[in-house]
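Visitor: show me the folded form of this:
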Amino acid sequence: MPKKLTPKEALALGKRLGYQRKTVWDDLSSAEGKKVWPLAEDYKGFLNASKTERETIAEITRRLESAGFADCNHDRPSDKVFQVFKEKVMALAVLGKDPLTKGLQVIASHVDAPRLDLKQQPLYEELDLAFLKTHYYGGIKKYQWLARPLALHGTIFTSDQRKINLAIGEKAEDPVFTVADLLPHLARKVQMEKKLSEAVEGEKLNILVGSIPLGSKEVKDRFKLTILDHLHQTYGLVEEDLISAELELVPAGSARDVGLDRGIVGAYGQDDRVCVFSSLKAALEIDKPNKTVVALFFDKEEIGSEGNTSARSQILKTFLARLFSLKGEPCSSQILLETLAASRAISADVAGAVDPDYQEVHEKRNAPRLGSGLCLTKFTGSGGKYGSSDANAEYVHWIRGLFNKKKIVWQTGELGKVDEGGGGTIAKFLAAQGLEIIDCGTPVLSMHSPFELVSKADLYMTYKGYKAFLSAP
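Guide: As a prediction, the model looks like this:
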């Protein structure tokens, strides 16, 4: 029989032996609490400058150059270097005192986000209106993109060899774009009686771009012609230039504080730019580490990490070979493999926080909450952990010990109930190269929506946790 305890003794025993989820706001000292707010303001500025993957890489580059990092493709090498791949991927390193073969401390995140991409031949007119045709990118709820202001961002290469970067719809004086929705009076059969996933067809996510004709009634496609003439007069474009362009429709507007207490950041693209920002911020503050520190910013995660700018590419090995050269250490294929196998990594990706209105899809004992800190996700995948990287016990033990020692408020999480949710990250692709890796990121509400929500307290703990990881011996 267990011995009898007084209520006070039982309470003390439960506190000593049991695992208790913390709330960041309760755990922060007054001094640390003051650091939350300026960090969040910096973060909002980062989001506003980083609406696309190319813009994100450009903003990271700007911040690195301001901090004294050198482009290892062009500048004189230093202990703090970066390399850009195809304007969509970035790798940075702070070279350590130890040989590279002792292993790296690696944080990898992704810079792409769900959006609407223009098709190669997008411009057309119908019923005296001009439109742009799109193909959505990544996992979206299509209805969320209707009847809201959108901005057009992207890159165009012209037939006369000019490169044009566009961002239309962000300034107060700019026009915006939109996908028109059907009024409820007429939507019963074509939308409202259908399943939500079928109510809006992908081919009807067409962007309203013009409504004024150019020329007399005899002119063919004169509403489309107005748009072509504007593009030519303003940018020197012809229609064929759109074929090779990368143009994206994203929610217009800036990141905003949410709530009367201003404790939450609301913005587009926080999956995964909250982890991008936090890992960048942490890496910028690392100086003369023992182990070499590497931060990776990949593209194409939202569509399965396909292509030569994704985590499935050879970018990490290419960059690592460059680091061996900079440090003057011998390198071979075997040495690269051994170095990767000796390295620790974090797959810095967000976690789906419990939505209080939809608690039934979560297993609440193992679901992350907004405001409870950085989230460790041991495994991802779905339906039997398919498509998952499952961190081993030794590594989970090491990282929770590190976080406890450094007073990081952390929690664990998974994406929904078994057989209910699931999803993948880039962790499995880095794990396949031999690195010890675990998913570790910020909880997000309204994930993959045009207006995602992140707690400023969780943002602070993400930055603090990543810095502790990068500084680890």
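Visitor: all strands in the stretch 1-150 of the chain, in order from the N-terminus.
Guide: In the stretch 1-150 of the chain, the strands defined using DSSP state E, counting those that start in this stretch lie at 70-71, 80-85, 89-94, 104-110, 115-126, 129-137, 150-157.
Visitor: columns mean neighbour count on top of those, output as a markdown table?
Guide: All C-beta spots, glycine's among them, are computed from the backbone N, C-alpha and C. Formatted as a markdown table, the strands of the stretch 1-150 of the chain follow (neighbours: other Cβ atoms under 10 Å):
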| stretch | mean neighbour count |
| --- | --- |
| strand 70-71 | 16 |
| strand 80-85 | 20 |
| strand 89-94 | 25 |
| strand 104-110 | 27 |
| strand 115-126 | 17 |
| strand 129-137 | 19 |
| strand 150-157 | 20 |
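Visitor: could I get those strands as a markdown table with distance to residue 143 and mean pLDDT?
Guide: Shown next, in a markdown table, are those (distance: least, Cβ to Cβ, whole Å; pLDDT from 0 to 100):
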| stretch | distance to residue 143 | mean pLDDT |
| --- | --- | --- |
| strand 70-71 | 43 | 94 |
| strand 80-85 | 35 | 96 |
| strand 89-94 | 32 | 97 |
| strand 104-110 | 25 | 98 |
| strand 115-126 | 13 | 98 |
| strand 129-137 | 12 | 98 |
| strand 150-157 | 14 | 97 |
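Visitor: among the ones you listed, which comes closest to residue 257?
Guide: strand 150-157 (20.4 Å; Cβ to Cβ).
Visitor: what is the longest helix along the chain packed up against?
Guide: The longest helix of the chain (DSSP state H) is helix 30-48. For helix 30-48, the contact count by 3 or more Cβ pairs under 8 Å, 6 or more residues apart in numbering; DSSP states H and E identifies strand 264-267, helix 270-284, helix 456-470 as packing neighbours.
Visitor: out of these, which is closest to residue 110?
Guide: The nearest among those, by Cβ to Cβ, is helix 270-284 at 4.8 Å.
Visitor: which strands or helices does the following helix or strand past the closest one pack on?
Guide: Counting by DSSP states H and E, the element after helix 270-284 in chain order, helix or strand, is strand 292-298. Where contact means 3+ Cβ pairs under 8 Å, 6+ apart, strand 292-298 is packed against helix 53-66, strand 89-94, strand 104-110, helix 270-284, helix 315-327.
Visitor: report the inter-axis angle for the longest one versus strand 104-110.
Guide: For helix 270-284 against strand 104-110, the angle by axes from the mean of the first three to the mean of the last three Cα atoms, to 10 degrees is 150 degrees.
Visitor: find the centremost residue of the chain, please.
Guide: Residue closest to the mean C-alpha point of the chain, counted by Cα atoms, centre = their mean, is residue 272 at 1.5 Å.
Visitor: how close does the residue nearest to that one when sequence neighbours are not counted get to residue 45?
Guide: Sequence neighbours aside, residue 110 is the residue nearest to residue 272 in space, at 4.8 Å (criterion: Cβ to Cβ, 6 or more residues apart in numbering). With distances taken as Cβ to Cβ, to the nearest Å, residue 110 is found 20 Å from residue 45.
Visitor: same check on residue 79?
Guide: In terms of Cβ to Cβ, residue 79 sits 27 Å off from residue 45.
Visitor: the two: which is more packed in?
Guide: Just comparing residue 79 and residue 45: by other Cβ atoms under 10 Å the higher neighbour count belongs to residue 79, 18 against 14.
Visitor: so the more buried one sits against residue 94, correct?
Guide: Yes. Counting by Cβ atoms under 8 Å, residue 79 touches residue 94, with 6.5 Å between them.
Visitor: touching, residue 22 and residue 372? I think so.
Guide: Yes. The pair residue 22 and residue 372 passes the contact test of Cβ under 8 Å, sitting 6.4 Å apart.
Visitor: for residue 433, what are its contacts?
Guide: 316-317, 340 (Cβ atoms under 8 Å, 6 or more residues apart in numbering).
Visitor: element containing it?
Guide: Counting by DSSP H and E, residue 433 is part of no helix or strand.
Visitor: what angle separates the helix or strand containing residue 339 from strand 292-298?
Guide: Taking DSSP H and E as the definition, residue 339 sits inside helix 333-341. Between helix 333-341 and strand 292-298, the angle comes out at 90 degrees (the same axes, to 10 degrees).
Visitor: name the SS class of residue 262, please.
Guide: What DSSP: H, G, I helix; E, B strand; the rest coil gives for residue 262 is coil.
Visitor: tell me how many other residues crowd the nearest residue to it once chain neighbours are set aside.
Guide: With sequence-adjacent residues excluded and distances taken as Cβ to Cβ, 6+ apart, residue 262 is closest to residue 456, at 7.8 Å. Using other Cβ under 10 Å, residue 456 has 24 neighbouring residues.
Visitor: so residue 456 touches residue 40, yeah?
Guide: Yes. Residue 456 is within contact range of residue 40, at 4.4 Å (criterion: Cβ under 8 Å).
Visitor: no more questions from me, cheers.
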